[in-house]
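Undergrad: got a sequence here, can you model it:
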Amino acid sequence: MRQPDEAAKGEKVVFAVRGQVAELTLSRPHVLNALDLEAYDLLWATLRRFQEDPRLRVAIIRGAGGRAFSTGSDLRSIAAARPTGQMRVTEDPDPLEITKPLIAAIDGYCLAGGLEWALRCDIRIATSRASFGLPEPR
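TA: Numbers count the residues shown, from 1 in each chain. Model prediction:
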C-alpha cells in the first residue's frame, strides 16, 4: 500500500514510498508541472532523501495531472522572485551523488528543463501521448 511521507510531502512535489520504491510526483498541474524555486528545492531534497535511505532501491519521477511530465522552469515565478534578471535556478548537487536508479514516467509534455530532468534519469518510459522538445534552439 502507498504510504505518503508526510515530512517530505509538499504541495509542489509529493514523495511517497511503496516497498523499496520512491515515487516523486511533480505536482503543479496548473502550470504543466513547471518548477518554481520552491519546487526545485523540494525536488532536490526528496532526491537526497531517496539517495540516503538504504531501504529505497529505485525512484520513479512523474508529473501530476495527466497533461505534462514537466515543462521545465516556471520562468514567470522565477523572474518575479529574482527581479534582477538572474535566472540561475538553484544550487544543484552533483548529479553523480545520486547512485541509485531513477526512472522518468513521462506522460504529456516533456519540454525544456522537464526534458533535461528526464534525461538525468537512467530509464525513461513514455506513453503514446508524450511529446518532447527543447525551445532553446529556436
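Undergrad: residues touching the residue nearest to Thr99 when sequence neighbours are not counted, list them.
TA: Sequence neighbours aside, Gln51 is the residue nearest to Thr99 in space, at 7.0 Å (criterion: CB to CB, 6 or more residues apart in numbering). Using the backbone N, CA and C atoms, a C-beta is placed for each residue, glycine as well. Residues in contact with Gln51, defined by CB atoms under 8 Å, 6 or more residues apart in numbering, are 97-100.
Undergrad: which residue is nearest the centroid of the chain?
TA: For the chain, the residue nearest the mean C-alpha position is Leu26 (5.3 Å; CA atoms, centre = their mean).
Undergrad: nearest residue to that residue in space, please, no chain neighbours.
TA: Excluding the flanking residues, the one nearest Leu26 by CB to CB, 6+ apart is Asn33, at 4.1 Å.
Undergrad: measure that neighbour to Arg62 for me?
TA: From Asn33 over to Arg62 the distance is 9 Å, taken as CB to CB, to the nearest Å.
Undergrad: now Ser131
TA: Distance of Ser131 to Arg62, computed by CB to CB: 15 Å.
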